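A.B. asks: Predicted model, plus sequence, below.
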Amino acid sequence: MYVLSSGKRSQALQMAKNISIELLDDARSLHEILESCKNLCKLVGISEENSWLDLETSGYLVRYKTRDELYLNLPPYRKTSWKFYDLYGNMINLSPDMMTFFGRSTIYHPVKELENSSKIIVESKFLDQFNKFMAEHGTDHVSRSLKIHEARITDDEIKQILAGVKKQTQHLLDMVISILETE
């Protein structure tokens, strides 16, 4: 953290308090608030320690290229479970073992995209690995003939992710305010 002049410290403190109020009041989009937090971090010299802000605004695919890398590095609030559906829109319940292996969802999308989505649909072409595995290793005729057409992340799960981002953002703002008030 930079040593700030009295005027800059006062400006940063007021900025942090204003952003915190906007976050609680839902006065602006979460994406805009994250952009303001990035500016605040630059002002007080803590941008490097808060690179998660860039990942939230740009999406996690900027840094992590494979599904396993994503899953290992995503914050807990971005990990959900998919809901699977057949060609006719019927939900398919998978066994706990199958869910552990194939049901790990990695929500890597930028916050702005999540704010404008009521659900995320994963098309069948991205589920080919699962469908191939089931055709080859299913334990009976029904499981071998199972074909998942799409996977979905529901609106409720998206809201949970956004709530997690807000909580992380508030934690950052509380820390900055505390540091600036004690200087």
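C.D. replies: Arrived safely, thanks for sending.

A.B. asks: can you give me the helices in the chain?
C.D. replies: In the chain, helices defined by DSSP state H lie at 6-25, 30-44, 52-58, 67-73, 96-102, 111-115, 128-137, 141-145, 155-182, listed in chain order.

A.B. asks: Just name whatever secondary elements the longest one is in contact with.
C.D. replies: With contacts taken as 3 or more Cβ pairs under 8 Å, 6 or more residues apart in numbering; DSSP states H and E, helix 155-182 sits against helix 6-25, helix 30-44, helix 52-58, strand 79-81, helix 111-115. For every residue, glycine as well, the C-beta is placed using N, CA and C.

A.B. asks: Ser58 versus the residue most central in space within the chain, what's the distance?
C.D. replies: By Cα atoms, centre = their mean, the mean C-alpha position of the chain lies nearest to Arg78, the distance being 3.9 Å. Arg78 sits 14 Å away from Ser58, going by Cβ to Cβ, to the nearest Å.

A.B. asks: Equivalent analysis for Leu74, please.
C.D. replies: Here Leu74 is placed at a distance of 14 Å from Ser58 (Cβ to Cβ).

A.B. asks: where does Lys125 land on pLDDT?
C.D. replies: pLDDT recorded at Lys125 is 68.

A.B. asks: quick one on the thing from earlier: tabulate the helices and strands packed on helix 155-182 in JSON lines, adding columns for mean neighbour count and distance to His141.
C.D. replies: Putting the helices and strands packed on helix 155-182 into JSON lines (neighbours: other Cβ atoms under 10 Å; distance: least, Cβ to Cβ, whole Å) gives the following:
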{"stretch": "helix 6-25", "mean neighbour count": "16", "distance to His141": "53"}
{"stretch": "helix 30-44", "mean neighbour count": "19", "distance to His141": "47"}
{"stretch": "helix 52-58", "mean neighbour count": "18", "distance to His141": "44"}
{"stretch": "strand 79-81", "mean neighbour count": "16", "distance to His141": "26"}
{"stretch": "helix 111-115", "mean neighbour count": "19", "distance to His141": "39"}
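
A.B. asks: Could you name whichever residue is most remote from the centre of the protein?
C.D. replies: Distance to centre of the chain, Cα atoms, centre = their mean, peaks at His141 (37.4 Å).

A.B. asks: Mind putting the helices of the chain into CSV with distance to Asn90 and mean pLDDT?
C.D. replies: Shown next, in CSV, are the helices of the chain (distance: least, Cβ to Cβ, whole Å; pLDDT from 0 to 100):
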stretch, distance to Asn90, mean pLDDT
helix 6-25, 40, 95
helix 30-44, 34, 96
helix 52-58, 34, 95
helix 67-73, 26, 82
helix 96-102, 17, 74
helix 111-115, 26, 95
helix 128-137, 16, 80
helix 141-145, 14, 74
helix 155-182, 19, 94
